[in-house]
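Asker: how would this look folded up:
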Amino acid sequence: MDNPNALLSCYTANLVAYLERCFPHAANQVARSVRLAVRRSPRWPLAFSHHDHPLNQLPDGTRLTYRWATSFATARGEVESELEKHGQVLLVARSDRLPWSAQSAAAPHFVLLTGRDRDGWRLADNFTGLFPDGVVQSEFAGTVSDRDLKDMLAPIASLRGEHRLRNRYAFGHASVVPPDGTFQWVVRTGGDPARTDRISASDWCLDTADSLSYLAGLVADSRHFLRNPSFTEDLWAAARHHLLRNEYLVAEAAGNALVGAVVAEAGEQWRTLPQILHIGVASAVRGRPRPALVPDALTRLARTEQNLAAVLSRPAFAGVGSSV
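Answerer: Next comes the predicted model:
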């Protein structure tokens, strides 16, 4: 597709931009890795993973790993060193300090540092999107000063639980995450001891259809929305990722009518899911819940994803949509 960023999250849009500077077809690889996994363990909070291949494990054997510092001076020096080594650095900024951001709440947000000159730091944010509440955010590319960069990376003293989980599973599987209250960025290393841990079927639904069915049961009581307001944000990201996946499924199936029809059905359901979630939350907040609205939508989508998986499992479509 012309602009895959239109179907990526603030994490993956900038991660894909990073990867594409080193490896061709990075967006294709990310799209092929898409699936929705949900942690269902009663011992831990609800968590989401969007990729079955660890995206921080790069094709040349290197690895992306979080780094952090308690002072901007230290962070600035190490970021500059990483920039000299690899020509780019993923930075963990905060959404409420980005002048172009449509989000006013403090939350982690990847941005891509691509260079430095006498005018300042060259920065890009490849994320663009329409949020369920109708707010639009556009991409950014420009130069920022030291002072501006320090402000954009300013530590969040205490991350909300869902934000910490998104950092942890940003690459699809569990990564060691920085402590709260630190300046944070991502480095590219060789044999890094902080390995990515693959998530386990003992605590997770690892299949998109199973995850959607699990979530449908979880939100049958609409009070869940009030206890877990981040739920809709994670499914909004999942919807974007699956729409990107669908673009590549159609291309890889070479115009096959059967795949096209099932993908079109899944695409329409993923496309409307964020708005359905938005209506469900708003109804619950107003005290006029619509208890069947969201569970029914998730159940329908689970059946469609099951059907799509069955179609793609046929010998005629071997390899179509398989993960990297």
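
Asker: skip the chain neighbours and tell me the closest residue to residue 306.
Answerer: Across the structure, with Cβ to Cβ, 6 or more residues apart in numbering as the measure, the residue nearest residue 306 apart from its sequence neighbours is residue 209 (4.3 Å). For every residue, glycine as well, the C-beta is placed using N, CA and C.

Asker: what residue in this protein is the furthest from its centre?
Answerer: The C-alpha centroid of the chain is most remote from residue 118, which lies 33.4 Å away (Cα atoms, centre = their mean).

Asker: can you list phi and psi of that one for me?
Answerer: phi -70, psi -20 (degrees, to the nearest 10).

Asker: could I get the buried residue list for stretch 24-33?
Answerer: Residues 26-33 are the ones in stretch 24-33 that count as buried (16 or more other Cβ atoms under 10 Å).

Asker: correction: stretch 268-275
Answerer: 269-270, 273-274.

Asker: swap in stretch 100-109?
Answerer: Along stretch 100-109, these residues count as buried under the neighbour rule (16+ other Cβ under 10 Å): 101-102, 106-109.

Asker: same question for stretch 126-139.
Answerer: By neighbour count on 16+ other Cβ under 10 Å, the buried set for stretch 126-139 is 126-129, 132, 137, 139.

Asker: now those in JSON lines, with distance to residue 170 and secondary structure?
Answerer: Formatted as JSON lines, the entries for the buried residues of stretch 126-139 read as follows, by distance: Cβ to Cβ, whole Å; DSSP: H, G, I helix; E, B strand; the rest coil:
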{"residue": "126", "distance to residue 170": "15", "secondary structure": "coil"}
{"residue": "127", "distance to residue 170": "13", "secondary structure": "coil"}
{"residue": "128", "distance to residue 170": "18", "secondary structure": "coil"}
{"residue": "129", "distance to residue 170": "17", "secondary structure": "strand"}
{"residue": "132", "distance to residue 170": "21", "secondary structure": "coil"}
{"residue": "137", "distance to residue 170": "18", "secondary structure": "strand"}
{"residue": "139", "distance to residue 170": "19", "secondary structure": "coil"}
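
Asker: pLDDT check: weakest of these?
Answerer: In terms of pLDDT, residue 132 ranks lowest among the buried residues of stretch 126-139, with 66.
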